[in-house]
Every structure is written in C-alpha cells, then in structure tokens.
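**Q** Can you look at this prediction? I've put the sequence above it.
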Amino acid sequence: MGERARRGSGDPGAEFSRRVGEKAARRIRARRERDGSVWFWLGMFGLVGWSVAVPTLAAVAAGLWLDRHRPAPFSWTLTLLVVGVALGCLNAWHWIQRVHKGP
C-alpha cells in the first residue's frame, strides 16, 4: 500500500509544501548545530590541513624535479616550498571564509 493511501487522499501541493518545510527546518537546525559540534571542527581542521599540505607537497615535488633538471644558483625546492605554503594558506583561508559565510 502506498504512502498516499495510508494518509488518505491528500492534496499533492500540500504534501510538497510539507516536505519543503521539513527540509528547510532540518537545514536551519543543522546550520545552528554545526557551529558547536566537535565533529564539525575536527572536519574543518582536516580540511585546512589538506588545503595547505597538498599544494605544499606538489610545489616541493616540482622543486625537486627542477633542481635535478634545471640547476640554478638558488634552490628551486626551497623557493617553491615557500610558494606552496603561501598558496596553501590562501586556499585554506578561502575555505574558512566560505564556511563562515555559509551557502
């Protein structure tokens, strides 16, 4: 037996409105509760860590390759390490601002 038959014949528009209202209430409740959740902040910590680590490691790998194949009077690895950390920090800042503002 379908859900509509159990509830009785109802207005499909009213059912749609009820579902939209439930989803909106759930979204508001989740947004309110996420600020204090330990799991939310642990997830944010991981996001920030990966946002910095990935560009840094990619830049270091490129620097090592450049040091082997294109020698220079300076160290490509150290130069690109600084660039990778800077890009990673900008990336993390972007994600934190995006979460802070909300969707």
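**A** That came through, no problem.
**Q** which parts of stretch 63-71 are buried?
**A** Across stretch 63-71, burial judged by 16 or more other Cβ atoms under 10 Å covers 63, 66, 67. Backbone N, C-alpha and C define where each C-beta goes, glycine included.
**Q** Okay, and which of those map to helices?
**A** Filtering the buried residues of stretch 63-71 for membership in helices, criterion DSSP state H, returns 63, 66, 67.
**Q** Now distance to residue 12 and pLDDT too, for those, in JSON lines please.
**A** JSON lines is the format used below for those (distance: Cβ to Cβ, whole Å; pLDDT from 0 to 100):
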{"residue": "63", "distance to residue 12": "61", "pLDDT": "96"}
{"residue": "66", "distance to residue 12": "64", "pLDDT": "96"}
{"residue": "67", "distance to residue 12": "67", "pLDDT": "95"}
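**Q** Dump those into TSV; add distance to residue 25 as well.
**A** Shown next, in TSV, are these (distance: Cβ to Cβ, whole Å):
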residue	distance to residue 25
63	51
66	54
67	57
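**Q** Low-confidence ranges, this protein, go.
**A** Applying pLDDT under 70 to the chain flags residues 1-10, 33-36, 102-103.
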